[in-house]
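Asks: need a 3D model of the following:
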Amino acid sequence: MKPVHMMLLSRVLAAIFGGYALTSGVAVLLSSTLPLSRVEAVQTATLSAFVVYTCAVIWVFAVRDLRRAWLGMLLPAILCGGLGLLLARGAA
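Replies: Numbers count the residues shown, from 1 in each chain. This next block holds a predicted model:
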């Protein structure tokens with residue numbers, strides 16, 4: 001494959017898998033921090049995931065640097081998911 005095709009493939013993978021990881025992390029964080037009943041918090045977090053995923057895919061293709069695209073997906077995903085899990089365990 002040509003280098004241009006590999007860069008495009010990497011962006012597509014960052015959008016799919018990195019966006020999924022970011023969306024999951026945000027959903028976990030929101031569901032554990034929203035001041036709603038548990039069912040309403042999970043439902044609100046899940047519905048907001050559609051917006052987060054759409055913005056993540058757009059952002060991956062908007063940035064110039066491929067490394068920034070990957071780091072911009074994975075670092076916030078790890079932070080949001082980890083913080084959400086810590087808060088969820090503390091509340092349980």
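
Asks: who's in contact with the spatially most central residue of the chain?
Replies: Nearest to the geometric centre of the chain sits residue 22, at 1.1 Å (Cα atoms, centre = their mean). Going by Cβ atoms under 8 Å, 6 or more residues apart in numbering, residue 22 touches 52, 53, 56, 73, 74, 76, 77, 80. Backbone N, C-alpha and C define where each C-beta goes, glycine included.

Asks: just checking, the fifth one touches residue 21?
Replies: Going back to what we said before, that points to residue 74. Yes: with contact defined as Cβ atoms under 8 Å, residue 74 reaches residue 21; the gap is 6.5 Å.

Asks: and the two? Which one has more around it.
Replies: Taking other Cβ atoms under 10 Å, residue 74 and residue 21 do not tie; residue 21 has more neighbours (19 against 16).

Asks: what strand or helix carries that one?
Replies: In this assignment (DSSP states H and E), residue 21 forms part of helix 19-33.

Asks: in that helix, what counts as buried?
Replies: Within helix 19-33, the residues scored as buried using 16 or more other Cβ atoms under 10 Å are 19, 21-32.
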